[in-house]
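Q: need the 3D shape of this:
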Amino acid sequence: MRTDRNTNPDARVVDSVIRSRRAVRAFRPNPIARHVIDQILEVASCAPSNSNTQPWRVDVLAGPAKSALSDVLKQAHEENRHPPLTHMPEVLPEAMRRRQEAFGAAYYGVLGVPKHDVQQRARVTARNFDFFGAPVGLIFSIDSALTKFSWLDYGIFIQTVMVAAQAVGLDTCPQVSFARFQNVIAEHLALPANYEVVCGMSMGLSDCDSPVSRLETGREPVENFARFLGFDS
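A: The predicted structure follows:
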């Protein structure tokens, strides 16, 4: 067994793919062939799930289909009639709050949007619903009868989608903002009854000329989040 990551070529390839993944928020319009996305999803379907339940459903959109969904979502965003999305607790643990605020300051800073400019921030948020200009948009949904453990499975699946895409040179951005418009999406895409939107995702080639594409986010060192017990050293 080759456990040394420094001398295992397979490990170096996998590590490189994972480390190179970024949440890209500016894409080039270059189209992506359907068979490429099909292969990515086929690889991702190897992700583990509790008792092999495979709780994922994916709607993949391109061209006029993607534009049509974007149009209805941007209209819903402008009308602002849906309740705000509460995907975070009102009070985040301090360490997480600091990381969230640091990201927000960096992201809006790159875009030149002042912290208290509500209208400008709303326009930035609206870019989510155009999939940041990506040629492919994905909507992930799940049967709402399932529990948090199936949602955990789904998270593993989505991560595998992003890694599989990165391995063939495609960038991605997972986007929880789509969940706010559950009813709009469910009606537009004719989702099965009781299916709930998990998130959306943009997929394509990064627009490397955009300043936001060069935004990097830091990661905590392992000693800050892991505790090792029972090891000799």
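
Q: number of nearby residues for residue 112?
A: Around residue 112 sit 9 other residues, with neighbours defined as other Cβ atoms under 10 Å. C-beta here means a position set from N, CA and C on the backbone, and glycine is covered the same way.

Q: again but with residue 100, I slipped
A: Applying other Cβ under 10 Å, we find 12 residues neighbouring residue 100.

Q: ditto for residue 142
A: 19.

Q: swap in the one 4 residues further on?
A: Applying the criterion other Cβ under 10 Å, we find 16 residues in the vicinity of residue 146.

Q: if I look at it, how far off is residue 54?
A: Distance of residue 146 to residue 54, computed by Cβ to Cβ, to the nearest Å: 11 Å.

Q: now the nearest residue to residue 130 once chain neighbours are set aside: which helix or strand?
A: Using Cβ to Cβ, 6 or more residues apart in numbering and skipping residues adjacent in sequence, the residue nearest residue 130 is residue 70, 5.0 Å away. In this structure, residue 70 is located in helix 63-79 according to DSSP states H and E.

Q: hang on, residue 130 is in a helix, isn't it?
A: Yes - judged by DSSP: H, G, I helix; E, B strand; the rest coil, residue 130 forms part of a helix.

Q: was I right about it contacting residue 72?
A: No - Residue 130 is beyond contact range of residue 72, at 12.0 Å (criterion: Cβ atoms under 8 Å).

Q: what strand or helix carries residue 185?
A: Following DSSP H and E, one finds residue 185 within helix 182-189.

Q: quick check: buried residues in that helix?
A: Within helix 182-189, the residues that qualify as buried are 182, 184-186, 188-189, counting by 16 or more other Cβ atoms under 10 Å.

Q: over to stretch 45-59?
A: 47, 49, 55-56, 58-59.

Q: next one: it to chain centre, how far?
A: Distance of stretch 45-59 from the chain centroid (Cα atoms, centre = their mean, to the nearest Å) equals 17 Å.

Q: show me the contact partners of that stretch.
A: 41, 138-143, 146, 149-150, 153-154, 156-157, 159-160, 189, 191-192, 195 (Cβ atoms under 8 Å, 6 or more residues apart in numbering).

Q: distance of residue 206 relative to residue 145?
A: Separation of residue 206 from residue 145 (Cβ to Cβ): 37 Å.

Q: so the two - more neighbours on which side?
A: residue 206 (22 against 9).

Q: settle this for me: that one is touching residue 27, isn't it.
A: Yes - the pair residue 206 / residue 27 is scored as a contact, 6.4 Å apart, by Cβ under 8 Å.
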